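In: Take a look and give me a structure for this.
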Amino acid sequence: MPCILKTLKNKEAAELNEMVIEFQKVLKEVAAEEQELKSIIEGGELGLKMSEDLESEYTNLI
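Out: Model prediction:
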């Protein structure tokens, strides 16, 4: 990426840098939401429970 930045004008480089920073923020937010959703699902907070037969079959598949 340094080669690309050298060829860009200062304004373009600054705009690109801002876009990269914003993208990184969004990516972190998505990762945090994904982790929260995994915790909710794994913790059974959705109120959904597998039957014992289904849970056994699921465990065998893993």
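
In: For the rest of this, base every contact and every neighbour count on C-alpha atoms.
Out: Fine.

In: Centroid-nearest residue for the chain?
Out: For the chain, residue 31 is the residue whose C-alpha lies nearest the centre (Cα atoms, centre = their mean; 2.8 Å).

In: Relative to residue 55, how far out is it?
Out: 27 Å (Cα to Cα, to the nearest Å).

In: Next: residue 33.
Out: From residue 33 to residue 55 the distance is 26 Å (Cα to Cα).

In: if we can go back for a sec, check the gap between the residue nearest to the centre of the chain and residue 59 for me.
Out: Taken as Cα to Cα, the span from residue 31 to residue 59 is 26 Å.

In: hang on, the earlier thing: so where does the residue nearest to the centre of the chain fall, helix or strand?
Out: Using DSSP states H and E, residue 31 sits in helix 10-42.

In: Restricting to C-alpha, output the next helix or strand after that helix in PDB.
Out: Per DSSP H and E, the first helix or strand lying C-terminal to helix 10-42 is helix 52-61. Output of helix 52-61 as PDB, limited to C-alpha atoms (Å, rounded to 0.1, in the frame of the first residue of the first chain):
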ATOM      1  CA  GLU A  52     -32.600 -34.700  23.500                       C
ATOM      2  CA  ASP A  53     -32.700 -36.800  20.300                       C
ATOM      3  CA  LEU A  54     -31.900 -33.800  18.100                       C
ATOM      4  CA  GLU A  55     -29.100 -32.700  20.500                       C
ATOM      5  CA  SER A  56     -27.700 -36.200  20.500                       C
ATOM      6  CA  GLU A  57     -27.700 -36.300  16.700                       C
ATOM      7  CA  TYR A  58     -26.200 -32.900  16.500                       C
ATOM      8  CA  THR A  59     -23.400 -33.900  18.900                       C
ATOM      9  CA  ASN A  60     -22.700 -37.000  16.900                       C
ATOM     10  CA  LEU A  61     -22.300 -34.900  13.700                       C
END
